[in-house]
Every structure is written in structure tokens, then in C-alpha cells.
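In: Next one to model:
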Amino acid sequence: MLKLLPLFLLLPFAPLGDAEIIWAAADAYVADGDLAKAKSALARFTPARVAEILRAGRPGAIGKAGETTLKLKDAYGTESDCIIWAPAKVTKPAGVILLLHGMGGDARKALQGRWYEAFATANNCILAAPSGVKMAGEGRAEDDPAGGDPLSWCIRPGSIVFALLREVRRTYPVDDDRIYVSGYSMGGFGTQRIGFRYPDRFAAIVAFAGGLSYTEYAGTGGDPKIRPLVENGKGLPVYLCHGDADSVVPCRFDRQTRDDMKAFGAECVYVEVPGAGHGLDVGGSLMKGIAPWMKEKKRTAHPKKITFISAGDYASSAWWVKVDGAAGARIVAEVKAKNVIEVSAKDVEKLTIYVDETLHDLAKPLTITSGGKELFKGKVDESTDVVLDSFRAREDKGLVYRAKIVVTPK
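Out: As a prediction, the model looks like this:
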């Protein structure tokens, strides 16, 4: 009797689809930075097709319900214990809440209060908690305490916070317009330090008993390098909670941030708890105010006006602009009409503008002006290089572009 072969041996191998090929090339480029190799793998695709696939989201990502523990390494080679928790099997794009613990804590400590569990369950969100690691060398921030090897939240690209977000994106379908950061004490500092440097990445931030800068916390007065970043809050809703009797992290830091954001016309809710010290009832009265506020927050992925202060070359882009210049370089870029952008720059040596197709028509000439002077006018060619580079910079499908212009503001 003829023995039948398994069906899969009788069928021809199924060719990979466009999505699998494009995502594999993009992921490889994120990992190894080899642009030539990525372009070779994508040679048969137009830039428009590559962008279309990346914007549609990663195919086949369906994350499991419950808790997943894992070890991750950041870009600096430091390993961290992390926890991801989902209220149910995730089959449609979910929000992500990154939870940053305080001094002496870890990922488990960040989750054990279950402050956000009810919110996550009701609003299709994933909770993701990394464990903080000691930072040294290039992982250190400019406002970290001098000397020693402090336990802190690294705020640079490739840090454990962003490494964990990447892992969530590769495991679950994620709604990039509903990513939040929240933390307590040291985590409250981490939340603000990350949020104000990367305002285009998040829908909102919520910080408890924290502050903006460790330089300010050290008692040396205001921080002239970091304090100006509060203006980036024009594109980032902020919720701050502090006890007025906090002797560990005085509330004056958050009061100042509230006042600064109010002066800028930015959205900042500040809740000061009378008589409370460093311990706050987050899971009770505070969460009753946070939950309805946070539920309404979604990132504006395609703003017509951007005000952005750079923290330096490691945090130099926001939405469709990127600045080259020293820390503190400031850009205001506004879409005045279809295919017309006006910019105002301070200490910006070079400005890159990515063409956001929700705001402009790539088939028509684009005009960029500054102070009444024309910096650029003409059609902009699309490029697979731009698509790949814009994806690699943030791995955010809402911030993928096909074309860019580089100008020198006057």
C-alpha cells in the first residue's frame, strides 16, 4: 500500500508576503544599522509600499493574557528584570502604560500596588514595568548626580525603558497613540525626565512625588539646562501629584513645573495633597482623578505646530522635525497652509523636516520660510532611506515618513 506523505511535503513552500519581508528588513536594520543590506532586501518595493506596510503595524502579533517575566538588555549592555502584564489576550491594538518604580524598588514593586490594573482592564492597556539599573558612562544623563554610579532611570535612546517598549511592540499589537509613562519618586523623576525629552512618543505622563531634574534636587538652584525642556509640554499632557509635607522630595519642584507649564499654555494637572508626606494614596483618591483624565488622552501624531527644545544630540527630534545644535536649541515649526511651513529657530545649526503626508501633498512643491525668507521651495523626492531611518529612530508606526528636507535656518 502506498504510504501517503504529509500534506506539507506535497505542497510548494509558500512565499513570504510583502509584510513579512518588509518587517524583517526593518527589524534587521534596527538591530544592525546596515542600511545597504536593508535596502537590498527591499529593492523591489517602492518607498510608498515600505511606508504603507510599516504604518499598518506588525503582522501576527497577538499577545497572551496575564503576566510575563523576562530579562532584557539595554543598549549599554546592562540586564534588567522586567514584567509585562495584560488583562486579556490582546488581539487588537492596545495602549501601553510604562511603570517606573522608586528607589530601592524593582519591576515587581511597580506592579504590586495594582494601581493601574482596573484602568488597563477597562481600557485595553498593557502594563510594562522594567527594573531600574545603575547607569555609568554614556548611559548617564547630564543632570545625574556627580560621582558614584547612581541607580537612576536612563533617559537616553536604547535605555531599558525603550528596550521594554520595543519588546511589547514585538509581542503585542500596540496602539502607538496610547502609550503612557507613570512613576513614583525616583520613577516620578524618570517619568518627567523621559517625557519632556521625548514628547512625541507619549499620550500623557503621570508622575508621583517626583521632579524634573536631579540638579535641582541636589539643591543647587534651578537647572538652566533641563528646566527649559518643560516647554516641550505644549505637546504632552502632564499630571503631577505631590504631598505638601514631603520631606524626601519637596513639592516645590512640581509646583515650579505646574507654573511653568501654565505660563506656556500647556496642559498640566497638579494635585497637591495637604499634610501628605512622601507616601501617597495612589490607588485610592488619586487614581479616581487620574483614570478619567488619562482615558481621554491620545497622542496627536500629526500636529500642525511643533514647539521643541532639544536636550542635545541624543534627544533632538520631535514628530516631523529634527534639530542639530547644542542642548537648548529651540524650534517652532508650523504648517501655515497645505505644503507651506514656517519656522523660527534659536541656536539651530541644521533643521531636518520630514514631510508628513497627512499635512502635505508629496506630489506638489513644498515651501519652507523663516522670518519672511524662503529657505526651500520645490518638490521633495521620496526615499526608502528616509522610510527606514525614520522607523529606526523611534520604531513608531505613526512617525514613519517617506521624504525629508534639510535646511539651515537664519
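In: Quick one: low-confidence residue ranges for the protein.
Out: Of all residues in the chain, those with pLDDT under 70 make up the ranges 1-16, 135-140, 143-151, 220-221.
In: Not counting residues beside it along the chain, what's closest to residue 242?
Out: Counting by C-beta to C-beta, 6 or more residues apart in numbering, residue 251 is the residue found nearest to residue 242 once chain neighbours are left out, at 4.0 Å. In short, each C-beta sits where N, CA and C put it, glycine included.
In: Helices of the stretch 151-300 of the chain, residue ranges please.
Out: 160-171, 186-197, 214-217, 252-264, 287-295 (DSSP state H, counting those that start in this stretch).
In: I'd like those helices written out as TSV, with mean neighbour count added.
Out: Shown next, in TSV, are the helices of the stretch 151-300 of the chain (neighbours: other C-beta atoms under 10 Å):
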stretch	mean neighbour count
helix 160-171	21
helix 186-197	27
helix 214-217	20
helix 252-264	18
helix 287-295	15
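In: want to throw those into a markdown table with distance to residue 272?
Out: Converted to a markdown table, these look like this (distance: least, C-beta to C-beta, whole Å):
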| stretch | distance to residue 272 |
| --- | --- |
| helix 160-171 | 27 |
| helix 186-197 | 14 |
| helix 214-217 | 18 |
| helix 252-264 | 8 |
| helix 287-295 | 12 |
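In: Of all the ones you listed, which one is nearest residue 115?
Out: With C-beta to C-beta as the criterion, residue 115 lies closest to helix 287-295 of the helices of the stretch 151-300 of the chain, at 5.8 Å.
In: Now the element after the closest one, going C-ward?
Out: Sequence order places strand 305-309 as the next helix or strand after helix 287-295, per DSSP states H and E.
In: neighbouring strands for that next one, and are they parallel or not?
Out: Strand pairing for strand 305-309, using DSSP bridges, gives strand 330-337 (antiparallel).
In: Output the partner strand in PDB with nothing but the alpha carbons.
Out: Extracted in PDB, the C-alpha atoms of strand 330-337 (Å, rounded to 0.1, in the frame of the first residue of the first chain):
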ATOM      1  CA  ARG A 330      14.700  75.700  20.100                       C
ATOM      2  CA  ILE A 331      12.500  75.300  17.000                       C
ATOM      3  CA  VAL A 332       9.000  76.400  16.300                       C
ATOM      4  CA  ALA A 333       7.600  74.900  13.100                       C
ATOM      5  CA  GLU A 334       4.100  75.500  11.900                       C
ATOM      6  CA  VAL A 335       2.100  74.300   8.900                       C
ATOM      7  CA  LYS A 336       0.600  77.600   7.700                       C
ATOM      8  CA  ALA A 337      -1.200  76.100   4.700                       C
END
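In: do you know which of the helices of the stretch 151-300 of the chain lies nearest residue 39?
Out: Closest approach to residue 39 among the helices of the stretch 151-300 of the chain is made by helix 160-171 (22.1 Å; C-beta to C-beta).
In: Would you mind getting the angle between that closest one and helix 186-197?
Out: 80 degrees (axes from the mean of the first three to the mean of the last three C-alpha atoms, to 10 degrees).
In: on contacts alone, who are the packing partners of helix 160-171?
Out: strand 66-73, strand 79-86, strand 94-100, strand 125-130, strand 174-184 (3 or more C-beta pairs under 8 Å, 6 or more residues apart in numbering; DSSP states H and E).
In: Direction included, what does the shortest one pair up with?
Out: Next to strand 125-130 in the sheet, as set by DSSP bridges, lie strand 79-86 (antiparallel), strand 94-100 (parallel).
In: out of these, deepest packed?
Out: Counting by mean count of other C-beta atoms under 10 Å, strand 94-100 has the highest mean neighbour count of those, with a mean of 25.
In: okay, the angle between that one and helix 287-295?
Out: Going by the same axes, to 10 degrees, strand 94-100 makes 130 degrees with helix 287-295.
In: what's the following helix or strand after strand 94-100?
Out: Downstream of strand 94-100, the first helix or strand assigned by DSSP H and E is helix 107-112.
In: Pull the distance from that following helix to the chain's centre.
Out: 21 Å (C-alpha atoms, centre = their mean, to the nearest Å).
In: List the buried residues for the one helix or strand residue 323 maps to?
Out: Assigned by DSSP H and E, residue 323 falls within strand 321-324. Using 16 or more other C-beta atoms under 10 Å as the test for burial, strand 321-324 gives 321-323.
In: Residue 369 should be in a strand, yeah?
Out: Yes: assessed with DSSP: H, G, I helix; E, B strand; the rest coil, residue 369 lies in a strand.
In: For the closest residue to it other than its chain neighbours, grab the count of nearby residues.
Out: Closest residue in space to residue 369, ignoring its immediate chain neighbours: residue 342 at 5.1 Å, by C-beta to C-beta, 6+ apart. By the criterion of other C-beta atoms under 10 Å, residue 342 has 18 neighbours.
In: Equivalent analysis for residue 133, please.
Out: By other C-beta under 10 Å, 20 other residues sit near residue 133.
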